[in-house]
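Dropping the sequence and predicted coords here.
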Amino acid sequence: MHHFIPGCLRASVPLFALSAILLVVPGACASDEAIRPTGRIYYDFARFDNDDRGVPSRGRDGLRLAWLGVTGKWQGFGYRAEVDVAPTHWALRNVWLSRELGSPARGVISVGQMGQYFALDERVSFNHRPAVESSYLTQTLASPHRVGIGWEGHHAGWFWGVGAGRLGRFDVPEIKGRGFSGRAGRVFPRDDGDLLHLAGSVMREHHDHPGIGGSAPLRVPLRTAGHFSRRPALVLADYRDGRDVRVDKRGLEAAGVHGAWSWQTEYARGRYHDDLRRDRIAAHYVMATWMLTGERRPYDVAGGHFGQVQPQGSGGAWELMARYDRITASGNGEGRRQRLAADAWTVGVNWYPRRNVRVMLDWIDSRRQDRTRDQLLDHTGTLAGRVQWDF
């Protein structure tokens, strides 16, 4: 591994400098209640077992500073501002103001750029997901941060959230259109800490003339073997002809905690259509985790999602996870017919030496198929790892 470390460290020098500035300056300017730095640093790597189809993926490594920002309260308003910083790019993520409306049932209203209310896996913080790679459902059907207004609350085991606004972001105005999302569910807790979670979500989007007039194309890509893979992404839908595109998404989710065991499963589908073409994408996954050291996977009742593992012993917490992903896509129109599919098995082990430090190692066995031609396009094994520190 010695051949990539020097270049990786050189690319990371300005990132650590920026981290140090934002860690020191806020503490000198205000108390922790008013402003608090947040962020995470990842060191990721991947090694690939390629078959003889297509362009082979080669092992890669990357050190990055991600989601660096500040959060806090001022004059009764909450706020968060985060930027995703990487050696090759940067992007704004959460940038919003919020106001509590007096009680959990009345909820919290937020204005700015924020995540949407769709899918359990998407609502779980990236810092707390048990796998290195997101599920296929999250990669394709969950939507990125958008500018708008949101409202969420909870009461007597029920939780909900709705959001509406434009599809673009402050830093990506080329995405034109408007959208709405909503998610609601119920958690059934027990006195011993076990629980059952049931929820559903909807999303509707209207994309204005994608691909022309300064509007970005609407594409749904999927990297089946992971984000470091060099093989071309499997494009499940692609609209760039300037016709308005309407998108409807629906999702169902269930999850539970039983002692040191936890599980979650989701199914979601999306329908994309303009005046001449129509695409359908359906995805589901099933995931289970087992805390070898006996901890219980935390759950946030207010938000309806899982939280951060809290190690109990001096040796930290150890976790095993397994997940199966499946996604299918079909499209027709303009003399074209397409039927694609992909699936993957992921098994992994996670070590939490401290609450905010995690070491992850996953094996992913992925396949992608062209079902129209009954052809296997790719079969790749991926050894993926991450060392993570969040603050």
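Thanks, I have the structure now.

dump the residue contacts of residue 202.
Neighbour list for residue 202: 118, 181-183, 248-251 [criterion: Cβ atoms under 8 Å, 6 or more residues apart in numbering]. For every residue, glycine as well, the C-beta is placed using N, CA and C.

so it bridges to which residues?
residue 182, residue 250 (DSSP bridges).

now, which of the contacts of residue 202 sits nearest residue 81?
residue 181 (21.7 Å; Cβ to Cβ).

Residue 257 - nearest residue in space that isn't next to it in sequence?
Residue nearest to residue 257 in three dimensions, not counting chain neighbours: residue 195, with 5.1 Å by Cβ to Cβ, 6 or more residues apart in numbering.

Just confirm that neighbour contacts residue 188, I think it does.
Yes. The pair residue 195 and residue 188 qualifies as a contact (Cβ atoms under 8 Å) at a distance of 6.3 Å.

Can you pick out the most distant pair from the contacts of residue 202?
Distance extremes for the contacts of residue 202: the farthest pair is 183 and 248 at 15.0 Å, using Cβ to Cβ.

Which one's more surrounded, these two?
residue 183 (27 against 13; other Cβ atoms under 10 Å).

Could you check how far that one is from residue 135?
Between residue 183 and residue 135 the distance is 16 Å, computed by Cβ to Cβ, to the nearest Å.

try residue 351
In this structure, residue 351 and residue 135 are 22 Å apart, going by Cβ to Cβ.

Compare the two and say which one has the larger neighbour count.
The residue with the greater number of neighbours, taking residue 351 and residue 135 and applying other Cβ under 10 Å, is residue 135; the counts read 29 against 18.

now the helices: where do they sit in the stretch 1-150 of the chain?
If DSSP state H, counting those that start in this stretch is used as the criterion, the helices of the stretch 1-150 of the chain fall at 5-29, 120-123, 136-140.

OK, contacts around the closest residue to residue 149 other than its chain neighbours?
Ranked by Cβ to Cβ, 6+ apart and with sequence neighbours excluded, the top spatial neighbour of residue 149 is residue 111, at 5.2 Å. Residue 111 makes contact with 96-98, 148-150 under the criterion Cβ under 8 Å, 6+ apart.

same thing but at 10 Å, please
77, 96-99, 147-150, 165 (Cβ atoms under 10 Å, 6 or more residues apart in numbering).

now residue 284
With contacts defined as Cβ under 10 Å, 6+ apart, the neighbours of residue 284 are 135-137, 251-252, 265-269, 324-328.

Show only the entries of these found in strands.
Among those, the subset assigned to strands under DSSP state E consists of 251-252, 265-269, 324-328.

Kindly reformat those as TSV and extend each row with distance to residue 56.
Putting the ones in strands among the contacts of residue 284 into TSV (distance: Cβ to Cβ, whole Å) gives the following:
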residue	distance to residue 56
251	35
252	37
265	33
266	32
267	33
268	31
269	33
324	25
325	22
326	25
327	23
328	26
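
Residue 380: which of the residues you listed is nearest?
Distances from residue 380 to those, taken as Cβ to Cβ, are shortest for residue 325 (13.6 Å).

Make sure the closest one is actually in contact with residue 341.
No. Under the contact definition of Cβ atoms under 10 Å, residue 325 does not touch residue 341, with a separation of 11.1 Å.

Who has more neighbours out of those two?
A count of neighbours by other Cβ under 10 Å puts residue 325 above the other of residue 325 and residue 341, at 26 against 18.

got a list of what the more buried one touches?
When contacts are counted by Cβ under 10 Å, 6+ apart, residue 325 is found next to 131, 133-139, 222, 224, 283-287, 342-346, 364, 366.
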